[in-house]
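J.: structural data only, the sequence is not supplied:
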């Protein structure tokens, strides 16, 4: 007699769930058995949503954000300031900026940052396309909204060096104390940047 | 100008992920964007695994465990003790018992426990099938391995009252201190049961 694991289709589903980021083997089992228990319609709705996302979502040919129409709704929106381009690392950063409701321009998604450790050079990102876009569209301003860390800073420097000679204003969002944050607990680099970037009231 | 959320297929996938137990909206977004980034093959492998699980997995007609063949491999295994039936709440409990390697009999999965609060009466569980099976198969022993809590205890009592008149030995796993546990930190009910169930060395 030998001990039996789950049936083969269940074992495969657990394995596939466990490949997702942040999903360990226990959570993967729980998710698989949840789908076994739930209605056929609910389970197939998830499968269908995964298939649809791979079939219908593409990159916008102008800003390289994820979209199901090309150009994307932001690039196609005449009420947005098409002459301000905000450069971000990732499509999730676009969502974060949109949630603020404070940005009215358009985007350019790099799909990563320069990271020699991970073997990601500038040619793997959408930097060439950005330079070409700036030459073509001649925007008023390019905001480099990359994460304030070593890779983000290096990527911003690399891009700025190519854009400034084209005569466009290149900016970065302010780095400083987070709202609701506590001066006492801020790390020294953040506090240093907050001081350096102090503004008159 | 209005702020834009994710493209419609992405929003739908996030929504479907967020329906899964223990997956909040942040994790759902992270999973959806992971699938957007990963290869088409990897994403479709997950979708396919979900579809297969709903198409190929059924209940064993004898023990009601989840299986892709009927009878399930455990019921069909001649090297297992077919005259000892372990009754469990859930297919995950079968996996837990199989992992111990200490159980050589067969199973009967109730798919729940009696819970008046949740409106689950005995007729919603596979209790009628269990009684019928015991009448037919005349096993030596039925082990009621239900969780040691109020619902599990009540369900075990309900089943025992129907099985004992049939002349079968009905048992429950020992309740007591977990191995590696600490007497000082055991709750009083567990400690009480451990004392009551003490064994001679």
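T.: That came through fine. Values in this document were obtained by computation on a predicted structure and should not be read as measured data. Residues are numbered from 1 along each chain as shown, chains lettered A, B, ... in the order given.

J.: residue A:17 against residue B:45, yeah?
T.: No. With contact defined as Cβ atoms under 8 Å, residue A:17 does not count as touching residue B:45 (10.9 Å). For every residue, glycine as well, the C-beta is placed using N, CA and C.

J.: ok, these two, which is more surrounded?
T.: Using other Cβ atoms under 10 Å in any protein chain shown, the more surrounded residue of residue A:17 and residue B:45 is residue A:17, with 23 against 17.

J.: not counting sequence-adjacent ones, nearest residue to residue A:97?
T.: Spatial nearest neighbour of residue A:97, excluding adjacent residues (Cβ to Cβ, 6 or more residues apart in numbering or on different chains): residue A:103 at 5.0 Å.

J.: could you do residue A:110 as well?
T.: Nearest residue to residue A:110, sequence neighbours excluded (Cβ to Cβ, 6+ apart): residue A:125, at 4.5 Å.

J.: pull the contacting residues for that neighbour.
T.: By Cβ atoms under 8 Å, 6 or more residues apart in numbering or on different chains, the residues touching residue A:125 are A:110-114, A:155.

J.: re the thing from before, wait, a strand at the residue nearest to residue A:97?
T.: No. Counting by DSSP: H, G, I helix; E, B strand; the rest coil, residue A:103 is not part of a strand but coil.

J.: what count of nearby residues applies to it?
T.: Residue A:103, neighbours per other Cβ under 10 Å, totals 19.

J.: I figured it hits residue A:85, correct?
T.: No. Contact criterion Cβ under 8 Å: residue A:103 and residue A:85 do not qualify, at 11.0 Å.

J.: any buried residues in the biggest helix by length in chain A, and which?
T.: When every helix of chain A is counted residue by residue (DSSP state H), the longest turns out to be helix A:40-56. By 16 or more other Cβ atoms under 10 Å in any protein chain shown, the buried positions in helix A:40-56 come out as A:43-54.

J.: next, the angle helix B:40-56 makes with that helix.
T.: Helix A:40-56 runs at 160 degrees relative to helix B:40-56, counting by axes from the mean of the first three to the mean of the last three Cα atoms, to 10 degrees.

J.: is the helix or strand just after helix A:40-56 in proximity to chain B?
T.: Sequence order places strand A:58-59 as the next helix or strand after helix A:40-56, per DSSP states H and E. No. For strand A:58-59 and chain B, the contact criterion (Cβ under 8 Å from any Cβ of the partner chain) is not met; the two come no nearer than 9.3 Å.

J.: just how off-centre is strand A:58-59 within its chain?
T.: In terms of Cα atoms, centre = their mean, to the nearest Å, the centre of strand A:58-59 is found 14 Å from the chain centre.

J.: could you do stretch A:68-83 as well?
T.: That offset, for stretch A:68-83, works out to 18 Å (Cα atoms, centre = their mean).

J.: same check on stretch A:101-114?
T.: Distance of stretch A:101-114 from its chain centroid, counting by Cα atoms, centre = their mean, is 8 Å.

J.: for it, buried residues please.
T.: A:103, A:105-114.

J.: returning to that earlier point: show me what the longest helix of chain A is packed against.
T.: Applying 3 or more Cβ pairs under 8 Å, 6 or more residues apart in numbering or on different chains; DSSP states H and E, one finds that helix A:40-56 contacts helix A:25-37, helix B:8-18, helix B:25-37, helix B:40-56.

J.: those strands in chain A, which residues are they?
T.: Using DSSP state E, the strands of chain A run over residues A:58-59, A:66-67, A:81-88, A:105-109, A:141-144, A:169-171.

J.: nearest to residue B:24 among the ones you listed would be which one?
T.: Closest to residue B:24 of the strands of chain A, according to Cβ to Cβ: strand A:66-67, at 21.3 Å.

J.: run the chain-centre distance for that closest one.
T.: In terms of Cα atoms, centre = their mean, the centre of strand A:66-67 is set 11 Å apart from its chain centre.

J.: now what about stretch A:12-28, what contacts it?
T.: Residues contacting stretch A:12-28 (Cβ under 8 Å, 6+ apart): A:6, A:29, A:31-32, A:35, B:22, B:27, B:30-31, B:34-35, B:42, B:45-46, B:49-50, B:52-53.

J.: check residue A:35 and give its pLDDT.
T.: Looking at residue A:35, its pLDDT is 95.

J.: report the contact partners of it.
T.: For residue A:35, the contact set (Cβ under 8 Å, 6+ apart) comprises A:13, A:42-43, A:46, B:20, B:50, B:53-54.

J.: and which of the residues you listed is nearest residue B:69?
T.: The closest of the contacts of residue A:35, once distances to residue B:69 are taken by Cβ to Cβ, is residue B:53, at 14.4 Å.

J.: now do the same contact list for that closest one.
T.: For residue B:53, the contact set (Cβ under 8 Å, 6+ apart) comprises A:9-10, A:12-13, A:32, A:35-36, A:43.

J.: out of the residues you listed, which two sit at the greatest distance?
T.: Taking Cβ to Cβ, no two of the contacts of residue B:53 sit farther apart than A:12 and A:43, at 14.4 Å.
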